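S.K.: what would the 3D arrangement of this be:
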Amino acid sequence: MPLSFAQQGFWLLEQFEPERPIYANPEIVRFRGALSIPAFARTLDAIVGRHESLRTTFRAIEGEPRQIIEAARPVDIPVIDLEALPPAQREGPMLRVTILWMAADEHIVHFTMHHIVCDLWSIGVLMSEVSAGYRAALAGEALALPDLPVQYADYAAWERVRWNERALDETIARRLAQIGDVTSELNLPTDRPRALTPRFVAAREQIALRDELLARVRMAGRRDGVTLFMSMLAALQTLLHLYTGQRSILVAVPVANRDEHATQGLIGYFVNHVVIVTRFDGEPTCRELLARVRTATLDALDHQDLPFEEFVRRVRPERQGSHTPLHRVVFNVVNVPDTRLELPGLRAEVVTPAARERGLFDLNWAFADNGERVTGLLEYDRELFDSSTADRMASDYMRLLEAFADTPDRPLGTLNLMTFTQESLALAFNEPI
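M.R.: You can find the predicted model right below:
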């Protein structure tokens, strides 16, 4: 079976770094209570039998990557008994599952799925089905869920028909007419030059969006007819404009790409990326730039199913290893999926890995909106940026959000980041500027 366009993109990128697990997608959950390992194993067997994507392998046949769907078989779940170790030595760093036995009433379950068969939505599907399956297994019942109308391989085959060469050429031509040249690189100032062979080592900076600021941003958005996403993207693109002095700012944005109802219960990689390009020509005010971002966002979403990998291949920006200029900076505001595991007799706690070598981009601005609060983090390439630089970026971003919320008619040319710092200090010490 052919790969989907997104899968083919992962396949090609992995050829640059075949020995580095940068696309492994871990989910670690600590269970407190008496976990039934046999019931848990039966649950996973049922889920793997249900989703072909979790028993798919990939290989090159006559030079072309193909996905091979294997027959269902029991999932191999190593159980590593750490109960005898002192607590300080117990913590450690295609679905693979490992159970760490900490004590009779404490286990850590480590799920790992490669991104080629999994996205964030898929984790929510997996956790929901594990919860349902474990309850059924404890009761001695089979997992009873609605039949899946399609499998991921069906989607991949449909996508190849939908996006034939003619459709790709015509749609990409229309898109390029909207956004212009996308081959120019974003010249962000870095603390160190870019390595020819990047190591993909990421670090994270938490971004605390205060509730009162969020309320002001939402209110300003309603006033100006833009969404929270558009307001936050406008602040980021303005930050990049002020840092680089460039007049055209391109940011990549992931989209779920699951508009078809039949895809919503599948485990698989459906995520696509769109490029949103905003121009800073003239002397726009904050409000005027918001209007530009709104138009650019809607134009991009009108083409959200255009396979990003094919767009990149045809535009042909200069690559450095697995990086392209279209993926330097990624931004997203997502509604938080429910990935909780609710198993009878157990209390589940998601464990965040201490270190994750998953720096796929120079800067990844990721925000989660649960309807009341917005939390965020800036994931940055440690080979390029110091932690102090990331901290300054996050602080400058917050100041720009405040400017868009509170001073919509302020010209962008007056949004000098040094002036922001001076204003903040003056306010702190109650001094005139």
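S.K.: the chain: helices as residue ranges?
M.R.: Under the criterion DSSP state H, the chain carries helices at the ranges 5-14, 37-50, 120-138, 152-162, 165-179, 211-224, 228-244, 286-301, 308-315, 387-406, 417-429.
S.K.: so which of those helices is nearest His107?
M.R.: helix 37-50 (8.0 Å; CB to CB). In short, each C-beta sits where N, CA and C put it, glycine included.
S.K.: list the buried residues in the closest one.
M.R.: Ala39, Phe40, Ala41, Arg42, Thr43, Leu44, Asp45, Ala46, Ile47, Val48, Gly49, Arg50 (16 or more other CB atoms under 10 Å).
S.K.: run through the residues that contact Asn364.
M.R.: By CB atoms under 8 Å, 6 or more residues apart in numbering, Asn364 lies in contact with Ala202, Val329, Val330, Phe331, Leu378, Glu379, Tyr380.
S.K.: please repeat the previous calculation with a cut-off of 7 Å.
M.R.: Shown in contact with Asn364 (CB atoms under 7 Å, 6 or more residues apart in numbering): Val330, Glu379.
S.K.: kindly report the same for Val350.
M.R.: Applying CB under 7 Å, 6+ apart, the residues contacting Val350 are Ile28, Val29.
S.K.: pLDDT value on it, please?
M.R.: Looking at Val350, its pLDDT reads 79.
S.K.: ok, Leu85 next?
M.R.: 47.
S.K.: do the same with Ala153
M.R.: 91.
S.K.: now do Ala24
M.R.: Ala24 is given a pLDDT of 64.
S.K.: next one: Val336
M.R.: 61.
S.K.: related to what we said a few turns ago, wait, which of the helices of the chain is closest to Arg258?
M.R.: Nearest of the helices of the chain (CB to CB): helix 120-138, 6.3 Å.
S.K.: so how far is the closest one from its chain's centroid?
M.R.: Counting by CA atoms, centre = their mean, to the nearest Å, helix 120-138 is centred 21 Å from the centre of its parent chain.
S.K.: give me the number of residues near the nearest residue to Arg223 once chain neighbours are set aside?
M.R.: Excluding the flanking residues, the one nearest Arg223 by CB to CB, 6 or more residues apart in numbering is Pro408, at 7.7 Å. Residues lying near Pro408 (other CB atoms under 10 Å) number 16.
S.K.: how close does Pro408 get to Val251?
M.R.: 21 Å (CB to CB, to the nearest Å).
S.K.: wouldn't the residue nearest to Arg223 be in contact with Leu289 here?
M.R.: No. Pro408 lies out of contact with Leu289 (CB atoms under 7 Å); the separation is 9.7 Å.
S.K.: follow-up on the earlier one: now the buried residues of helix 37-50 as CSV including distance to Leu138 and pLDDT?
M.R.: Formatted as CSV, these follow (distance: CB to CB, whole Å; pLDDT from 0 to 100):
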residue, distance to Leu138, pLDDT
Ala39, 5, 89
Phe40, 10, 85
Ala41, 12, 87
Arg42, 10, 89
Thr43, 9, 90
Leu44, 14, 86
Asp45, 15, 89
Ala46, 13, 90
Ile47, 16, 88
Val48, 19, 88
Gly49, 19, 89
Arg50, 19, 91
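S.K.: give me the buried positions along stretch 128-146.
M.R.: Taking 16+ other CB under 10 Å as the criterion, stretch 128-146 shows Ser128, Glu129, Val130, Ser131, Ala132, Gly133, Tyr134, Arg135, Ala136, Ala137, Leu138, Leu143 as buried.
S.K.: residues in contact with the fifth one?
M.R.: The contact partners of Ala132, by CB under 7 Å, 6+ apart, come to Leu143, Leu145.
S.K.: one step back: which pair of the buried residues of stretch 128-146 spans the longest distance?
M.R.: That would be Ser128 and Leu138, which, of the buried residues of stretch 128-146, are the farthest apart (CB to CB) at 16.6 Å.
S.K.: picking that back up, quick check, nearest of the buried residues of stretch 128-146 to Ala235?
M.R.: Of the buried residues of stretch 128-146, the one sitting nearest to Ala235 (CB to CB) turns out to be Ser128, at 34.1 Å.
S.K.: state the distance from the closest one to Val48.
M.R.: Ser128 is 15 Å from Val48, by CB to CB.
S.K.: any idea what Gly335 is bridged to?
M.R.: Slight slip there: residue 335 is Asn, not Gly. Asp369 (DSSP bridges).
S.K.: neighbours of Arg218, just the number please.
M.R.: So Arg218, with other CB under 10 Å, has 15 neighbours.
S.K.: how much space separates it from Val333?
M.R.: Arg218 is 12 Å from Val333, by CB to CB.
S.K.: now do the shared contacts for these two.
M.R.: Leu228.
S.K.: tell me who's in contact with Leu301.
M.R.: Leu301 touches Val274, counting by CB under 7 Å, 6+ apart.
S.K.: kindly recompute the last result at 6 Å.
M.R.: When the contact criterion is CB atoms under 6 Å, 6 or more residues apart in numbering, Leu301 has no partners at all.
S.K.: cool, and Gly345?
M.R.: Gly33.
S.K.: how near is it to Ser131?
M.R.: Distance from Gly345 to Ser131, by CB to CB: 13 Å.
S.K.: neighbours around Asn187, how many?
M.R.: Neighbours around Asn187, by other CB under 10 Å: 12.
S.K.: can you tell me how far it is from Leu343?
M.R.: 50 Å.
S.K.: so what pairs up with Asp381 in the strands?
M.R.: Beta-bridge pairing of Asp381, defined through DSSP bridges, involves Ala202.
S.K.: can I assume it is in contact with Leu360?
M.R.: No. Using CB atoms under 6 Å, Asp381 is not in contact with Leu360, being 9.0 Å away.
S.K.: okay, the two: which has more neighbours?
M.R.: More neighbours surround Asp381 than the other of Asp381 and Leu360, with 25 against 18 (other CB under 10 Å).
S.K.: ranges for the strands of the stretch 51-200 of the chain?
M.R.: For the stretch 51-200 of the chain, the strands defined by DSSP state E, counting those that start in this stretch occupy 56-61, 64-69, 79-81, 95-103, 106-114.
S.K.: that older thread, what would the helices of the chain look like in CSV with distance to Leu100?
M.R.: Listed next are those as CSV, based on distance: least, CB to CB, whole Å:
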stretch, distance to Leu100
helix 5-14, 28
helix 37-50, 12
helix 120-138, 17
helix 152-162, 30
helix 165-179, 46
helix 211-224, 37
helix 228-244, 38
helix 286-301, 42
helix 308-315, 37
helix 387-406, 30
helix 417-429, 46
